[in-house]
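1. sequence and predicted structure, then a few things I'm wondering about:
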Amino acid sequence: MARITSDFSDVDDYFRKGIEEVRRTVDKVGQDADNYDVQHGDYVDRTGTLRKSNRHEVGNDGSLTLINDAESENGFPYASNVESKGYQVRSGGALYAEKRLKEIFEK
């Protein structure tokens, strides 16, 4: 009977590098979505605060969260208020990011 010995010690490093690559790709798409919303937001940003408040976070699992944390004078989320009036603040970037991520990862 033949005995085969295998060394899989490099597997963890292989997966770690793969996860890092996914996170970098998702981060780039998040940056692109932030820029997309700055360029394509169809509202008048009188103070510049709404567009400056676009940011994103990439989770440890590679998930992407798009954020706009601008608040009105009374502390309410300003971006969702503007979106509720039919203007695109983060929704355009969200659709852009979803499309790009599907193109990249669902080949």
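-> Received the coordinates, thanks. Residues are numbered from 1 along each chain as shown.

2. list the buried residues of the helix of greatest length in the chain.
-> In the chain, taking DSSP state H as the definition, the longest helix is helix 11-40. With burial defined by 16 or more other C-beta atoms under 10 Å, the residues of helix 11-40 counted as buried are Arg23, Thr25, Val26, Val29, Gly30, Ala33, Asp34, Tyr36, Asp37. Using the backbone N, CA and C atoms, a C-beta is placed for each residue, glycine as well.

3. what's the helix or strand just after that helix packed up against?
-> Downstream of helix 11-40, the next assigned helix or strand under DSSP states H and E is helix 49-52. The helices and strands touching helix 49-52, judged by 3 or more C-beta pairs under 8 Å, 6 or more residues apart in numbering; DSSP states H and E, are helix 78-84.

4. buried residues of the helix it packs on, list them for me.
-> By neighbour count with 16+ other C-beta under 10 Å, helix 78-84 contains the buried residues Tyr78, Ala79, Val82, Glu83.

5. could you verify my assumption that Asp69 touches Ser53?
-> Yes. Here Asp69 lies in contact with Ser53, judged by C-beta atoms under 8 Å, at a distance of 5.4 Å.

6. which of those two has more residues huddled nearby?
-> Set side by side, Asp69 and Ser53 show unequal neighbour counts under other C-beta atoms under 10 Å, the larger going to Ser53 at 18 against 10.

7. Thr65 is in contact with Glu57, correct?
-> Yes. Here Glu57 reaches Thr65: they are 4.7 Å apart, a contact under C-beta under 8 Å.

8. specify which member of the buried residues of helix 78-84 is nearest to Tyr14.
-> For the buried residues of helix 78-84, the residue nearest Tyr14 by C-beta to C-beta is Ala79; the value is 39.9 Å.

9. give me the low-pLDDT residue ranges for this protein?
-> The model of the chain has no residue with pLDDT under 70.

10. before we move on, back to that, so what sits against both of Asp69 and Ser53?
-> Residues touching both Asp69 and Ser53 (C-beta atoms under 8 Å, 6 or more residues apart in numbering) are Ala79.
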